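Participant: coordinates only, sequence not included:
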Ligand SMILES: Cc1cc2nc3c(=O)[nH]c(=O)nc-3n(C[C@H](O)[C@H](O)[C@H](O)COP(=O)(O)OP(=O)(O)OC[C@H]3O[C@@H](n4cnc5c(N)ncnc54)[C@H](O)[C@@H]3O)c2cc1C
């Protein structure tokens, strides 16, 4: 019987199983993951909640084998209708400084549950240090602060996330932490102890230390299988590893040859949809303009497109002078990216504009009176 063995039950692995079910795949589907029932990661840092994608009964109903195991090595399939799909995600980076074992990470359900227990059991005003003010560090700092902790957020750059959110909005969002009672420090951590962090020689007291300094693709299994790995498992546009056509890789662990690796939820889902199309020999999946979101201090921040292509920015402010949207234009003046606060319709509008290659005038982009639906009207 044909088979698909999915290694990793994150959003990529789960979505692939779901897509195969939707497409009436008749072979055997197996998901292996040491963490058991597949769950979604974004809620971990936003609410410290664990949200499974589906109950155990869903897997049973669709005949999907869910096996709680870590796969350390695996033979490549020798039958043309057997597939192995690596959806192994990422592993958090760890600081290489003395006392690093005192810092926790926030990457798994177990991490989130343990952090929630500490925060729930502690007195109001628990001192928490968060190292790294990227997406996860900033979200956890906000969550811990809302739960009553006294948070110090440590970053080694003045405006973290500038490369992905656009400089101006990144600066505003980082400054917002201070307005919400979070102390921000720019500096380099040199050591940890159980009750403090040393930053540029300053001792920062902390009963709880969380390190969120980025992730790297989890490729140890791919390497053990002899697959080509270079900042991720290298795949083609159909998600086939370039080393073996029956071994696919999807999600944060994979990188399309010649492209930058995407490390976001929606991109992982699109990879999974493409992998399903490859397996059932369906038409290729239409990729959408890149998008991700992050939530902090009850603000919903979205980024569309790619700020690494941006050469200049146009800012749209609200009546209070706060940045609502930053638009990124490339060297030719074409709209290539935008980040926005609480702007769901704007995110959709910018996705559509970038996909169609439409750049509204600077006046339109700047004017908060021009609604998302009217942006780009009469422009080409
Ligand atoms: C706390 C947190 C918050 C986030 N918030 C956002 C957000 O707001 N917006 C956004 O766009 N993105 C967010 N992300 C990123 C998003 O969750 C990832 O892009 C997405 O989870 C990638 O999915 P994946 O399936 O590729 O990998 P993962 O979700 O990392 O899943 C990989 C799975 O593979 C398993 N695995 C690894 N190796 C093996 C092995 N050898 N054998 C068996 N199983 C294995 C792991 O146990 C893991 O369950 C967040 C990530 C985290 C950690």
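Facilitator: All right, it came through fine. Nothing here was measured: the structure is a model prediction, and the numbers come from that model.
Participant: contacts, neighbours, all on C-alpha from now
Facilitator: Will do.
Participant: check contacts around the residue positioned nearest the centre of the chain.
Facilitator: Nearest to the geometric centre of the chain sits residue 264, at 3.6 Å (Cα atoms, centre = their mean). Shown in contact with residue 264 (Cα atoms under 8 Å, 6 or more residues apart in numbering): 251, 252, 291, 292.
Participant: got a winner among those residues for most neighbours?
Facilitator: Neighbour counts for the contacts of residue 264 (other Cα atoms under 10 Å) peak at residue 251, which has 32 neighbours.
Participant: my guess is that residue contacts residue 266, does it?
Facilitator: No: here residue 251 does not reach residue 266: they are 9.1 Å apart, not a contact under Cα atoms under 8 Å.
Participant: excluding sequence neighbours, find me the nearest residue to residue 344.
Facilitator: Nearest non-adjacent residue to residue 344, counting by Cα to Cα, 6 or more residues apart in numbering: residue 302, 7.8 Å away.
Participant: the one you found belongs to a strand, doesn't it?
Facilitator: Yes: looking at residue 302 with DSSP: H, G, I helix; E, B strand; the rest coil, it is inside a strand.
Participant: which ones are touching it?
Facilitator: By Cα under 8 Å, 6+ apart, the contact list for residue 302 reads 291, 292, 293, 294, 339, 340, 341, 342, 343, 344, 347.
Participant: partners of it in the sheet?
Facilitator: Here residue 302 shows beta-bridge partners residue 293, residue 340, assigned using DSSP bridges.
Participant: how far away is it from residue 318?
Facilitator: Applying Cα to Cα, to the nearest Å, the value for residue 302 to residue 318 is 17 Å.
Participant: close enough to count as contact, residue 285 and residue 277?
Facilitator: Yes: taking contacts as Cα under 8 Å, residue 285 lies within contact range of residue 277: 7.2 Å.
Participant: ok, those two, which is more surrounded?
Facilitator: Remark: of residue 285 and residue 277, residue 277 carries more neighbours, 20 against 17, as counted by other Cα under 10 Å.
Participant: and that one, its phi and psi?
Facilitator: Backbone torsions of residue 277, given as degrees, to the nearest 10, read phi -60, psi -40.
Participant: my read is that it contacts residue 284, right?
Facilitator: Yes: the criterion here is Cα under 8 Å, and residue 277 meets it with residue 284 at 6.2 Å.
Participant: nearest residue to residue 174 in space, ignoring adjacent ones along the chain?
Facilitator: Spatial nearest neighbour of residue 174, excluding adjacent residues (Cα to Cα, 6+ apart): residue 159 at 6.6 Å.
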